[in-house]
Each structure stands twice: as structure tokens, then as C-alpha cells.
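Novice: One predicted model, sequence on top.
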Amino acid sequence: MCGVVGAIGHSPVNQLIYDSLLLLQHRGQEAAGISTYHDQMFFTHRAAGLVRDVFRTRNMRSLPGNSGLGHVRYPSSTSPESIDEAQPLYVNAPYGISFVHNGQLTNWKSLREDLFKFDRRHINTQSDSEVLLNIFAHELQLASANDELSPEVVFKAVRAVHKRVKGAYAVIAHIAGFGLVAFRDPNGIRPLCYGKLDGEHGREWLVASESVALTGNGFRLVDDVAPGEALCITLDGQLVKQQCADHTRLMPCMFEYVYFARPDSIIDGISIYHARLKMGEYLGNKVAKSLRLAEVDVVMPIPDSARPSAMQLASSLNLPYREGFLKNYYIGRTFIMPGQAVRQRSVRQKLSAVPLEFKDKNVLLVDDSIVRGTTSKRIVEIARWAGAKKVFFASAAAPVRFPNIYGIDMPTKEELIAHSCEEDSIVKKMGADGLIYQNLDDLYALLHELNPHIDGFEASCFHGHYITEDDKIIV
């Protein structure tokens, strides 16, 4: 899972891209990068770390130009920890292309072989993003062999990319002397949207993974990039778009709504905040059937993603709501940290309890999801240490039973606590007094209620059915 942004303006965009990456920092905390275009040259700075640590004044001064790209990186199972995997990436032919990608290709290994064997392009990393960049560059070279570079030529190249590539991808590319190109996979698994700002010098454009990057910078959200669609935004601010896939359907990743996206974002017409309120409402109905409410003294969220769900659950059941955990915001999100040992240590550092809220009480803890169970077990321990008599646990998401192969680091079934355990066994492993999961059918229902025009949702981590039919690659 990563965050991408692209900008075209009438003044230097380095600060705009930097500010956008800060708003997308939750999508990746391992590395960050910015590339700008000026005087027929790309200027790039990327490094490991958070946005605020990667970019200093001297770095920002070395990024001139009125157009550019930005990226925050979350490591995936195909991409080891290496600065070589940080983005934006670059190829010098054809034209020169800077490139950022969010998602994960499922056929990247075979594509990598084809690139060397047939396309005569060498990939020097284990990054599926570098593979996708070179596929796009090769197809653009073929498409422009007999024509000058134009939106029609770019659309032809994107059409060819869709026919070769499988998996999830939301892409923004910057072609030297031309402008930005943004496109999304035919299933629309990963989010991508665009907005505009009409200023005193004319119209400016911003493309990003989430709408918060637009609205947080004063841009008006225009629309989401549709599945299979491509946008061309020229350096002089002209936007042209075209559908480039033969068969499309809108199947956004359900985990975006559960966990990844910021609550102040809107993805494919659904407010993340409203979705999480609905999750609390539906979960409350199940809690009322599963627990004796007289046994519950207080409802507490696990900050921050679960807060809207916990508030709505408490309100719907007429139970007291309290903030019993304090979060250290200088610790990254544990779910997207690489390595079990790092996650376990970070959970201890990230959350602390307010003993007065726990002492001699039966507490119902609400979290957005339970993935490996590492965080949940530690949270139950903290609650008991703080004085809770009983600890009940509720998950706003259904049980996570299968790996995700579209950019979320769930590489093996063995890591997932719900894969081989029933709820009674999970309760014992967590050390809780009770456990309530959201029903998957309810997740579908509440999201369709918020946008009935969505075709469906990529929910393979819950049920094990992969919409790109890549079940055979699961380990």
C-alpha cells in the first residue's frame, strides 16, 4: 500500500507535493520521494523515512519546476526494504518518464522475463513497480513509432498495458515535454482521484490516491479515475480522458474503507468516515445479540481508525463511550510495519492506558480489524493491567482469513490468526472474555447502502476469492 500524487501548476509544485505527501503519510512510512520537471530535466530526491525527515530545505531547493510527482512507500512482499525500491522511478526512453505506482502486480515475474526476452529491457530490482514502468515505456515507444506524442498515442499505450498486466495498479506518470498520465486497473482495486484549483494564474491540477490530498490543499475534487480509464494532463493544463480497457468493473478494495484510508477522504463516492460510522451501527446490532449489554460498563476504541465505529456502536446501544487508550503519534501504524518483531515492539510503545477508565470495569474494546492478532493480544493485556475486570473485543471488519495479493502485506496464511482458528480459539489466544466480528454480508450491505452504483468489492482477505483469478499464486 502506497500513496501517490501528481501535480501541474503555474508555479513551483515542490511544496504542494510535499504537503500532499504529508496528508498521505498514513499510506506508507518506509520511504518518500518527489520528482519535478524543469527545463527538460527531471529532478528527484527520495530516501528512506517519513516525509518530514526525507526532505530538508536543501532538498526542496533542488526540486524546481511547475509539475511533478510524489510517493510514500509501504513495503510489499515482492519488494524488499531497499532505497532502490523507493519511488518515483525513472526511465530515459522513450522521451523520459518519471513514474509512481500504488498496488501490486500478480504476474510481475512473468512480465519481467518477457521484458528481457522479447522487449529487450532489463529490470535491476525485485520491484513490480519497475516492471510496470518498463511495460508502459515499451508500449509507449511502440505506440509513438509512427506518430508524434499525443493523448491518443498515450491512450493506445495504456490500452496495451491493460492487456498485458494483471493485479492492482493506480499509476501516475510524468512524460518529459508532455505532462501527466494517470490510469487505474480495469477493476479499480486501488483508489485514484483528481481535482482542480482555479487560481489567479489559471487552472492547476492535482491527482492523488485519496481526496484528502486534494481538499487539504484547497483543490476541488472533480472525480475518481474510473477503472481502466486514463487521463492526460498536458503541461499547459489541458485535460483529456479516455476509457482504455475493454472490460471494466468497479471493485475497490474493502480494506481501504475498513483501515487504510483517512476518515476525511472520499473514495469512489463513499465517505470513509460515514462508512466507519455504519460499521459501528451494524456491529452494534450483532453485539446486542451476542453479549448481555448489562455486563458492559464502557465502550472504548483502539485509536485511531476504529474511533468512528466505536462511537456509533456506543450511541446505538446507549452505552458509555470513553477514550481509555492514549496513542503515541510518533510511532508508525503497526499493521503496515515490516516484520513481526517490529510490530510487537511498536504496539508496546504506541498505546498506553488511562487506568481510571479501566479500573473494576467490564470494557468492550472496538478495533477496525484483527489481522495477525499481535496488536489485539497486547491491547487486552494492557487493559487487564490497567484494572479491567472483563475485556470484550469487537472487530468492525470480518475475520481476515486469507492473504491479500494486491498491495497489502499479508503474504502467508500462517500469519493470519483467523485462518485456521475458530472464534473460541481466537478468544483464548487473545486472552479476551469474548469476541464479536462484523458479518461480511453486513460490510457489503453498508457499503452498497452508501454507494449502490459500485459493482462490488475486492474482499479476498475475508473470503479467499481473487477477482483477477490468481488463487494459484497464494502461499
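Specialist: Thanks, I have it. Numbers count the residues shown, from 1 in each chain.
Novice: contacts, neighbours, all on C-alpha from now
Specialist: OK.
Novice: how close does residue 350 get to residue 379?
Specialist: Distance from residue 350 to residue 379, counting by C-alpha to C-alpha, to the nearest Å: 10 Å.
Novice: okay, the nearest residue to residue 311 once chain neighbours are set aside: pLDDT?
Specialist: Among residues not flanking residue 311 along the chain, residue 321 sits closest, at 6.6 Å (C-alpha to C-alpha, 6 or more residues apart in numbering). Note for residue 321: predicted pLDDT of 98.
Novice: Surely residue 321 and residue 307 touch.
Specialist: No - using C-alpha atoms under 8 Å as the test, residue 321 is too far from residue 307 to be in contact (10.2 Å).
Novice: quick one, what contacts residue 327?
Specialist: Residue 327 sits next to 303, 350-352 when contact means C-alpha atoms under 8 Å, 6 or more residues apart in numbering.
Novice: now, which of the residues you listed lie within helices?
Specialist: residue 350 (DSSP state H).
Novice: Throw the contacts of residue 327 into JSON lines and include pLDDT, thanks.
Specialist: Output for the contacts of residue 327, formatted as JSON lines (pLDDT from 0 to 100):
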{"residue": "303", "pLDDT": "92"}
{"residue": "350", "pLDDT": "82"}
{"residue": "351", "pLDDT": "90"}
{"residue": "352", "pLDDT": "92"}
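Novice: of residue 350 and residue 379, who's got more company?
Specialist: Between residue 350 and residue 379, counting by other C-alpha atoms under 10 Å, residue 379 is the more crowded of the two (25 against 17).
Novice: who's in contact with the more buried one?
Specialist: residue 351.
Novice: That one should be in a helix, yeah?
Specialist: Yes - per DSSP: H, G, I helix; E, B strand; the rest coil, residue 379 lies within a helix segment.
Novice: Give the buried residues for stretch 6-19.
Specialist: Of all the residues in stretch 6-19, those buried under the rule 16 or more other C-alpha atoms under 10 Å are 6-10, 12-14, 16-19.
Novice: Mind naming the longest helix for the protein?
Specialist: Longest helix in the chain, counting by DSSP H: helix 272-290.
Novice: Let me know the next secondary structure element after that helix.
Specialist: strand 298-301 (DSSP states H and E).
Novice: Please state the offset of that next one from the chain centre?
Specialist: In terms of C-alpha atoms, centre = their mean, to the nearest Å, the centre of strand 298-301 is set 27 Å apart from its chain centre.
Novice: quick one: which of the contacts of residue 327 is most hemmed in?
Specialist: Each of those was scored by neighbour count (other C-alpha under 10 Å); the top score is that of residue 351, with 20 neighbours.
Novice: Just the element for residue 120, please.
Specialist: Under DSSP H and E, no helix or strand contains residue 120.
Novice: how many other residues sit next to it?
Specialist: For residue 120, the neighbour count with other C-alpha under 10 Å is 11.
Novice: mind listing what it touches?
Specialist: Residue 120 sits next to no residue when contact means C-alpha under 8 Å, 6+ apart.
Novice: quick one: low-confidence parts of the stretch 151-300 of the chain?
Specialist: Judged against pLDDT under 70, the stretch 151-300 of the chain has no low-scoring part.
Novice: May I see the buried residues of stretch 429-448?
Specialist: Using 16+ other C-alpha under 10 Å as the test for burial, stretch 429-448 gives 430-439, 442-443, 446-448.
Novice: Among these, which pair sits farthest apart?
Specialist: The span of the buried residues of stretch 429-448, defined through C-alpha to C-alpha, is set by 431 and 448 at 34.6 Å.
Novice: Kindly report the domain assignment for this structure.
Specialist: 3-249, 271-473 (automatic domain parsing).
Novice: Can you give me the end-to-end span of the first one?
Specialist: Okay, so that is domain 3-249. One end of domain 3-249 to the other measures 22 Å (C-alpha to C-alpha).
Novice: Go ahead and measure how far that domain is from the middle of the chain.
Specialist: 15 Å.
Novice: Renumber starting at 21 from here on
Specialist: Noted, 21 is the first residue going forward, which turns the last one into domain 23-269.
Novice: How are the helices of the stretch 171-320 of the chain distributed by residue range?
Specialist: 171-184, 232-235, 274-275, 292-310 (DSSP state H, counting those that start in this stretch).
Novice: These: which one's closest to residue 256?
Specialist: helix 171-184 (13.4 Å).
Novice: How about the closest one, which residues are buried there?
Specialist: Those buried within helix 171-184 under the rule 16+ other C-alpha under 10 Å are 171-182.
Novice: want to throw the residues you listed into JSON lines with distance to residue 62?
Specialist: Below are these laid out as JSON lines (distance: C-alpha to C-alpha, whole Å):
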{"residue": "171", "distance to residue 62": "21"}
{"residue": "172", "distance to residue 62": "24"}
{"residue": "173", "distance to residue 62": "22"}
{"residue": "174", "distance to residue 62": "20"}
{"residue": "175", "distance to residue 62": "23"}
{"residue": "176", "distance to residue 62": "25"}
{"residue": "177", "distance to residue 62": "22"}
{"residue": "178", "distance to residue 62": "22"}
{"residue": "179", "distance to residue 62": "26"}
{"residue": "180", "distance to residue 62": "26"}
{"residue": "181", "distance to residue 62": "24"}
{"residue": "182", "distance to residue 62": "27"}
